[in-house]
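> Give the three-dimensional model of this entry:
(one chain, ligands or ions: 3)
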Amino acid sequence: MAKVRVERPLVEMEGDEMAQVMWAWVRDRLVLPFVDVGLVRFDLSIGHRARTDDRVTLDAASAARRHGVSLKCSTITPDRTRQRELGLARALPSPNGTLRAALDGVIFREPIICRNVARLVPHWAQPVVIARHAFREQYRAQELAVPGPGTVRLVFDGADGSESRELYRFDGPGVALALFNIDASIRGFARACFHYGLQRRMPVYFSHKATVLKQYDGRFVDLFAEEFEAFAPAFAEAGLVYAPRLIDDMAAFSVKSTGGYLWACKNYDGDVQADYMAQGYGSPGLMTSVLMSPDGRLVQTETAHGTVRRYYDRWRAGAPVLANPLATIHAWSRALWHRARLDGTPDVAHFAETLERAAADLVDEGVLTPDLAPLAAARRAPVDTASFIDAVAARLAGTLR
Ligand SMILES: NC(=O)C1=CN([C@@H]2O[C@H](COP(=O)(O)OP(=O)(O)OC[C@H]3O[C@@H](n4cnc5c(N)ncnc54)[C@H](OP(=O)(O)O)[C@@H]3O)[C@@H](O)[C@H]2O)C=CC1
Ligand SMILES: O=C(O)CCC(=O)C(=O)O
Ligand SMILES: [Mn+2]
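Numbering: from 1, shown residues only. Ligands and ions are numbered 1, 2, ... in the order given. Model (predicted):
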């Protein structure tokens, strides 16, 4: 069987813990035996990021911009406990924050719906796409541990003068946080959501709290409305709607709705809602994630779940690996699929789709990791991660022969 040739390389970013173990298995057993692809590899494991003082993340971001298509395994973002545990000189920033700031754009997160897997929320019959603005906010905020009495201010030094506003006069210690966004990125976010909604034939809702954050969230609402003007005729023709909605209303709606809409979320809201929805659809292992620049030329696929540390600790204690590798498989297949779209190579796209189908067919036949087994109608004894991946490899080899 001749390997499928991929003309241009993929930028691969390795990560940490259980996610990295699954990542390498998927690459080595499901991709490289079938595909001849150049991989420009960066080791974003916490140890390597620490040794390079995070230079490697910046290098990976430049390579991702240069080559267009990249894929990223989940990585540890150390909090202070982890920093101590790992003996790090400093609490390194989130590599996702760094990469997303460099690529800008929108993360589209969509659950894989398997016929054989019942949803935890049973009436979620159609997928919901969480379109998460990937630019800044909590992921590039300025935080301040206020040591004692004093005043925290927001200061703007403009070309035509300055403005300073008191945030809070502290009587004692506390904390403060400053977030920002820029119009150009918000407009790009809005356009990307409207394009995606039209493409997928989905209504678009943008969730906000402009009743409280009148300037900040209000700006998003206004810019979405302005950008929508150009899309309104196409939406009307397709029988689709766009509406801004308060985030609490949207959260309640998401539970009672059957799905089939695009939910545009600010960065942090999208982080939380995507995991909430992933679990409601069955498992964090079912959530796919693709970051796309507004013009569609830069794509980064990733696993939306974390490094699955609880499973990693059990594995290191001698238990089998039991995590669900579907999101990892999709990170690889979708990266190849977008490479094919940008390179105009349908055989590569065909391979990516065949890989996804091989995995989905096995799930439908009841070959399931333990997270999905209790939700399935047709099921056998749950399998471990390596057995699932090997079964996909065998199915793939049979189909491609
Ligand atoms: N994209 C990224 O790079 C991300 C990185 N992180 C990092 O990951 C680390 C661990 O974070 P944590 O909060 O534990 O989040 P995780 O998503 O890694 O895991 C939380 C829980 O979700 C379930 N889960 C997640 N993925 C899978 C899977 N593939 N198969 C089966 N179950 C799954 C498990 O639940 P159960 O135990 O109930 O079975 C697991 O214990 C942190 O260091 C954090 O910084 C976190 C999020 C995203
Ligand atoms: O960057 C991080 O630390 C977390 C990322 C995350 O939770 C996500 O991408 O959903
Ligand atoms: Mn998250």
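> Export stretch 355-366 to CSV, keeping only CA atoms.
Output of stretch 355-366 as CSV, limited to C-alpha atoms (Å, rounded to 0.1, in the frame of the first residue of the first chain):
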residue,chain,number,x,y,z
LEU,A,355,-9.5,7.8,9.4
GLU,A,356,-12.4,9.6,11.1
ARG,A,357,-14.9,7.1,9.7
ALA,A,358,-12.8,4.2,10.9
ALA,A,359,-12.9,5.5,14.4
ALA,A,360,-16.6,6.4,14.3
ASP,A,361,-17.5,3.0,12.9
LEU,A,362,-15.8,1.2,15.7
VAL,A,363,-17.6,3.3,18.3
ASP,A,364,-20.9,2.5,16.5
GLU,A,365,-19.9,-1.2,16.7
GLY,A,366,-19.4,-0.9,20.5
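> which outside residues touch it?
Identification of contacts with stretch 355-366 by C-beta atoms under 8 Å, 6 or more residues apart in numbering yields 30-31, 34, 112, 114-117, 326, 329-330, 332-333, 336, 372, 376, 378-380, 388, 391-392, 395-396, 399. Where you see a C-beta, it was placed from the backbone N, CA and C, and this is true even at glycine.
> Out of those residues, list just those in strands.
In strands, judged by DSSP state E, none of the contacts of stretch 355-366 are found.
> are any of the residues you listed buried, and which?
Buried members of these, counted by 16 or more other C-beta atoms under 10 Å: 30-31, 34, 112, 114, 116-117, 326, 329-330, 332-333, 336, 372, 376, 379, 388, 391-392, 395-396.
> Who's the closest spatial neighbour of the one residue in the chain that gets nearest to ligand 1, skipping the chain neighbours?
Nearest to ligand 1, among the residues of the chain, is Gly306, at 2.5 Å (C-beta to the nearest ligand atom). In this structure, Gly306 finds its nearest non-sequential neighbour in Ser74, 5.2 Å apart by C-beta to C-beta, 6 or more residues apart in numbering.
> And for Pro33?
Ala393 (7.2 Å).
> what residues does the stretch 251-400 of the chain put near ligand 2?
Asp271, Ala304 (C-beta under 6 Å from any ligand atom).
> The same query, at a cut-off of 8 Å, please.
Contact residues, the stretch 251-400 of the chain versus ligand 2 (C-beta under 8 Å from any ligand atom): Gly270, Asp271, Ala274, Asp275, Ser289, Glu302, Ala304, His305, Gly306.
> so the spatially most central residue of the chain bridges to which residues?
The residue lying closest to the centre of the chain (C-alpha atoms, centre = their mean) is Ser289, at 3.9 Å. Ser289 has these beta-bridge partners by DSSP bridges: Arg109, Glu302.
> Could you do Val69 as well?
Val299.
> That one contacts Ala335, doesn't it?
Yes - Val69 lies in contact with Ala335 (C-beta atoms under 8 Å); the separation is 5.6 Å.
> overlap in contacts of the two?
Counting by C-beta under 8 Å, 6+ apart, the residues touching both Val69 and Ala335 are Leu10, Val299.
> wait, Asp171 sits on Pro149?
Yes - the criterion here is C-beta under 8 Å, and Asp171 meets it with Pro149 at 5.6 Å.
> Return every residue with contacts to both of these two.
Both Asp171 and Pro149 lack any common contact, where contact means C-beta under 8 Å, 6+ apart.
> is ligand 1 contacted by stretch 8-23?
Yes - for stretch 8-23, a contact with ligand 1 is found by C-beta under 8 Å from any ligand atom, at Gly15, Asp16, Glu17, Met18, Ala19, Met22.
> Now for the fourth one, how many residues are close by?
A count of nearby residues for Met18, using other C-beta atoms under 10 Å, gives 26.
> ok, and for stretch 281-301, which residues are buried?
Across stretch 281-301, burial judged by 16+ other C-beta under 10 Å covers 281-294, 298-301.
> Intersect the residues you listed with the contacts of ligand 1.
Among the buried residues of stretch 281-301, ligand 1 is touched by Ser283, Pro284, Gly285, Ser289 when using C-beta under 8 Å from any ligand atom.
> These in strands, which ones?
Those of these lying in strands (DSSP E): Ser289.
> Closest one of the ones next to ligand 1 among the buried residues of stretch 281-301 to ligand 2?
Ser289 (7.1 Å).
> got a list of what that closest one touches?
Ile107, Phe108, Arg109, Ala274, Thr301, Glu302, Thr303, Ala304, Ala327, Ala331.
> Check which helices and strands the helix or strand where Tyr276 lies is in contact with.
Using DSSP states H and E, Tyr276 sits in helix 267-281. Packing partners of helix 267-281 (3 or more C-beta pairs under 8 Å, 6 or more residues apart in numbering; DSSP states H and E): strand 106-111, strand 129-133, helix 247-256, strand 262-265, strand 287-292.
> one more time with 10 Å
helix 95-103, strand 106-111, strand 129-133, strand 204-208, helix 247-256, strand 262-265, strand 287-292 (3 or more C-beta pairs under 10 Å, 6 or more residues apart in numbering; DSSP states H and E).
> Is Asp217 in contact with Pro244, as I believe?
Yes - between Asp217 and Pro244 there is a contact under C-beta atoms under 10 Å: 9.2 Å.
> how close does the residue nearest to Ala373 when sequence neighbours are not counted sit to Leu322?
Spatial nearest neighbour of Ala373, chain neighbours left out: Pro382 (4.1 Å); criterion: C-beta to C-beta, 6+ apart. The gap separating Pro382 from Leu322 is 8 Å, by C-beta to C-beta, to the nearest Å.
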